[in-house]
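**Q** Here you go, sequence then predicted model.
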Amino acid sequence: MSLFTLFCANKKMNKKQVSRSVAIPTPITPKAKKRYLKPLLLVSSLLSVNALANTTPAQQAWQDTLEQAKNQTVYFNAWGGSETINDYIRWAAKQVKQQHQVTVKLVKVSDAGNVVSKLLAEKSAGRTSDGSVDLMWVNGENFKAMKDNGLLAKAYTQNLPNYTLVDTENKPSTLYDFTTPVDNLEAPWGMAQLVFMYDADRLDKAPTDMTSLLGTLENAKGRFSYPALPNFHGTTFVKQALIELIEDKSLLSKPVVAEDFAKVTEPLWQYLDKLHPLMWRSGRTFPKNAQQMKNLLNDGELFISLSFNPNDASNAIINDELPSSVKTYVHKGGTLGNTHFVAVPFNAKAAAGAKVFANFLMSPQAQLHKADPNVWGDPTVLAMDKLSAVDKASFAQLKLGPATLNASELGKVLLEPHSSWVRALESAWQARYAK
Amino acid sequence: MTYNRRLQLIFGVSIGLLSLFFIVLPIVAGLLGTWLPALGYLPSVGYNQYSWQPTIEMFNHPSTWSSIRLSLGSTVLATCGAFVMSQWLCMQLYRSRSWLWVKHSLGPLLAIPHLAFAIGFAFVIAPSGWLMRLISPQLSGFDIPPDWLIVNDNYALSLSVALVIKEIPFFVLMTLSAMTKLNVDKTLQVAASLGYTHNQGWIKLVFPQLFSSLRLPFYAVLSYSLSVVDLSIVLGPAAPSTFAVLINEWFNQPDLSMRLVGASAASLLLLLLVALIGLFYVVEVLITKHCRDWLVAGVTAKKESKKESEKESRVVAKFLSHSAILVIAASSLLAMSALMVWSFSRQWRFPDLLPTRWSFKNWQRSAEQLIDPLINTALIGLASALLALVMSVIILQWQSQQNKKQAKSTHWVTGIVYFPLLLPQISFLFGIQIMLVALHLEGQLSSMIWVHFLFVLPYCYLSLAKVYLAFDDRYLQLGAMLSQSLWRSFWKVKIPMLFKPLAFSFAVGFAVSVSQYLPSLYVGAGRIETITLESVAAASGSDLRVSAVFAIWQFVLPLIVYALAIFIPQWCFAKRKAMN
């Protein structure tokens, strides 16, 4: 048996996979389909009219990109830990296949850091084209690392037609990713906000801030925890606590001053020292991640858990991952929020295809489908007032999930502290609690 | 130089060249690709100056020391625990009624991938797990799970226990294969005729002869336990985690300078392993020295009065060894059953013993998604196991042709074959990745098969070597006499006679390939999905229902091949009674 036959066999399989995935019926109802198609037809007819008349250079460039993207295969590297999200990505892949003949392959990764590390290896090996990643799901520190090390393609989002619909005015985190300027290097995909989930069957009243969390745990000892840092959710919880407890909040938008760090974070450590003995396993160990916390919440090991997706609880209830007694709450002073993005690496092989997919992900059609709690429930990055009346109405018609808070209940979104705080908080936390 | 000698030489040289280009050089490149960044040299991120900075930074990290302590503790505990237990079980159960049963259960036990076992095992023993559900709420009085620290404990005990359970079957297998070379029955008879008990005979005569064959497997388990990542993520402590997990975290941290720290930690891990192996070697030498007198001094046959208590202690030992076997079998069975139930569940909360709502959805979903990964896994597994088997046979055939004097000079091959097994994977995979990327070979099926071959070869070789070398080549000569061709005799006589161990070795190789996580991750470039990569991705999401489906697939594939390895020889040789 030669390696060649093995290759052939594998290629054949891939083709089969593609044709099979097309045959799977989409979860959209015919009615909904019509709703999506209308604006799309409009847009495309407008485009073709423009193509006949004088096209602007920008439109021409986009036409060229669409042309280049045809028949390309885009390897989209994304965290693959959630089947709900994977299903959504597969749905989106099917759409761009139909609309633009771009094949998108989802490469599931356990951590976006792995992808950065892979790109780094490619760069150190001098591979400046033909890279293995065409598009990746990224934000925060990973984005900063990529930006600092030249692992990103040239600024491109300004050329994507749907970028004009993004709510950059009211959602500042679409422009500043954990305070790092985005500079059009990554395309906004979805919004996230820290929310807490609690089981109302087991806890009468949800806490309203960090201090009342202590009081709640006095009566429910061991029923809350957060993932050990440097886990993303763990770091977020500690940042949230810091924002609520630090005296001079203005310090957080500036880089950390090493000399003052211990002094200004003192209230945080005092708080955590009080909190940990009341936590799950008395704070001697921590859950691996927020998903494990969901399992623990389901089993009653925890009464309170946290998430970065305001629709998470609803979604999990629909999936029977959590009981219907689970509710969502936020702290009264607001909670941390940010945006997650997709970025094209410096050496992407199918850069045009990746841009077409990124543009599709920002389309009203894709964003609406994503915001549906039955699908994923990830909040949109688009500005309602920039949308067509039809799209706006569709968004308004979206039913909130059984445990989802409405916009006013979600309250104020607090901006992420300067990214230098993450590393400083992590090492200080580890020095105290992971020694 | 005779024709035969010249053939032997050509054989030897080509084996040398093959192993140089496919094993030694790539690994050396991988090590260098890790050591240079460890010393501050990684030009792509702008680190062009050699410096100790990464090393200093590593030692300054608050978790480093305690992490190392945890890793060393769990490694020594798990390896020694599994080794001692396995030897004790072999001694107690050899020639007992359960011996055959033990032998037959090895295949399925070994086929259970570490990760799948860990996921299931964690669910069984957790405070909200299956055992607790069995007695809740009626017996225990718990409506909600108690806040007890069992899984992820701070001393890495649950991790060590899982490792012990998983490594005992491996050691037993290695002991079995070492025993084929000895005539254990006769040896024990010699001891018995001089009035020694079974156990004394075993300890004084059998074990010392076995040990030389168990040394390398022992070091391999040491290396594996020290560098295991997927298992520690599921069962190990969280704050701090074991050193290997910490290194993996550093390699994957957004701050790219942490790669350098990770690289220097990976290099330190290798040094730690070298130190551990050195330590155990010294211990071995000391024990040998100390016990030599005791071994040869002889003991006069026990007096009658002592025989009574001897009998009693033997009954106790039997009971204990059976309980130990039961614990291993039961925990494996429970872990896999738990996964099975989870894979069909839709809603399952504490304290329900079984899901309150069932569903086929998890499996349906997997049928759509897992075709590609399953086929990739099977292809890579079959190809790498086949290559490894062929390579093992070539090496062993060459070694078997050497006369006693020359045989020592073939030990270097064994060393090379073991090389990838003794090195912690994390200590050279980063470098291998850089090398493959430079050659434009990453993410290709061929590189994936190659990197799996590296780790499969030692296991194939290990599980085959003893039987193969114990083969009486006079059969081959007889065959050659009758068929007038050494080749024909080789194919028609030697291979069929060794078919059973060959098939088993292939199955072992396949199972090893299926369970590879880090190599697939670093070489596959994410383009070649395997079932293990999918399992870890699912486990990082922790939706147990989906993880369970993936983990079961990870188990079923090797199980099929093990079953085939048992049934195909039986079926092939159904008419040749002497073959069974």
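**A** It's in.
**Q** any idea how far residue A:399 is from chain B?
**A** 22 Å (CB to the nearest CB, to the nearest Å). Just so you know, the C-beta spots here come from the backbone N, C-alpha and C atoms, and that holds for glycine as well.
**Q** now the closest residue to that residue other than its chain neighbours, what's its secondary structure?
**A** Counting by CB to CB, 6 or more residues apart in numbering or on different chains, residue A:399 lies nearest to residue A:373, which is 7.2 Å off, once chain neighbours are set aside. Three-state assignment for residue A:373 (DSSP: H, G, I helix; E, B strand; the rest coil): coil.
**Q** Tell me the helix or strand right after the worst-scoring helix or strand of chain B on mean pLDDT.
**A** Within chain B, confidence by mean pLDDT, DSSP states H and E is lowest for helix B:404-407 among all helices and strands, at a mean of 65. The helix or strand immediately downstream of helix B:404-407 is helix B:411-422, counting by DSSP states H and E.
**Q** how about low-confidence regions in the stretch 351-500 of chain B?
**A** B:403-409 (pLDDT under 70).
**Q** Which residues of it lie near chain A?
**A** Proximity of the stretch 351-500 of chain B to chain A, by CB under 8 Å from any CB of the partner chain, involves residues B:357, B:365, B:368-369, B:371-372, B:375-376, B:379, B:383, B:386, B:430, B:433-435, B:437-438, B:440, B:442-443, B:445-446, B:449.
**Q** at 6 Å what do you get?
**A** B:372, B:375, B:379, B:433, B:434, B:437, B:438, B:443, B:445, B:446 (CB under 6 Å from any CB of the partner chain).
**Q** So among those, which ones count as buried?
**A** Among these, those buried by neighbour count (16 or more other CB atoms under 10 Å in any protein chain shown) are B:372, B:375, B:379, B:433, B:434, B:437, B:438, B:443, B:445.
**Q** Among those, which are located in helices?
**A** Judged by DSSP state H, the subset of these located in helices is B:372, B:375, B:379, B:433, B:434, B:437, B:438, B:445.
**Q** if we can go back for a sec, show me which of the residues of the stretch 351-500 of chain B next to chain A is closest to residue B:33.
**A** Nearest to residue B:33 among those, counting by CB to CB, is residue B:434 at 4.6 Å.
**Q** where's the closest one relative to residue B:523, distance?
**A** 11 Å (CB to CB, to the nearest Å).
**Q** wait, what's in contact with residue 189?
**A** This is for chain A. A:340, A:341, A:342, A:361 (CB atoms under 6 Å, 6 or more residues apart in numbering or on different chains).
**Q** same thing but at 7 Å, please
**A** The neighbours of residue A:189, taking CB atoms under 7 Å, 6 or more residues apart in numbering or on different chains as the test, are A:340, A:341, A:342, A:361, A:381.
**Q** again with residue A:243
**A** A:249, A:252, A:414.
**Q** again with residue A:328
**A** Here residue A:328 is in contact with A:195, A:197, A:310, A:313, A:403, A:404, A:405 (CB under 7 Å, 6+ apart).
**Q** which stretches of chain B have low pLDDT?
**A** Looking at chain B by pLDDT under 70, you get B:1-3, B:44-46, B:254, B:297-309, B:403-409, B:540-542, B:575-580.
**Q** which residues in it form strands?
**A** B:345-347, B:357-358 (DSSP state E).
**Q** Which elements pack onto the shortest one?
**A** Read that as strand B:357-358. Counting contacts by 3 or more CB pairs under 7 Å, 6 or more residues apart in numbering or on different chains; DSSP states H and E, strand B:357-358 packs against strand B:345-347.
**Q** Now do the strand it packs on: distance to the chain's middle.
**A** Averaged C-alpha coordinates place strand B:345-347 at 33 Å from its chain's average position (CA atoms, centre = their mean, to the nearest Å).
**Q** Over to stretch B:453-464?
**A** 10 Å.
**Q** quick check: domain ranges of the chain?
**A** Unless you meant another one, I'm taking chain A. Domains of chain A are assigned by automatic domain parsing as A:53-191+A:339-405, A:195-337+A:412-433.
**Q** um, chain B though
**A** Taken from automatic domain parsing, chain B resolves into B:55-298+B:327-359, B:362-580.
**Q** Could I get those in CSV, plus columns for distance to residue A:258?
**A** Below are the domains of chain B laid out as CSV (distance: least, CB to CB, whole Å):
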stretch, distance to residue A:258
domain B:55-298+B:327-359, 14
domain B:362-580, 30
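**Q** The ones you listed: which one's closest to residue A:257?
**A** It is, among the domains of chain B and with distance given as CB to CB, domain B:55-298+B:327-359, at 19.1 Å.
**Q** quick revisit: inside strands: which ones of the contacts of residue A:243?
**A** residue A:414.
**Q** what residue ranges in chain A score low on pLDDT?
**A** Ranges of chain A meeting pLDDT under 70: A:1-54.
**Q** Nice, that's everything, thank you.
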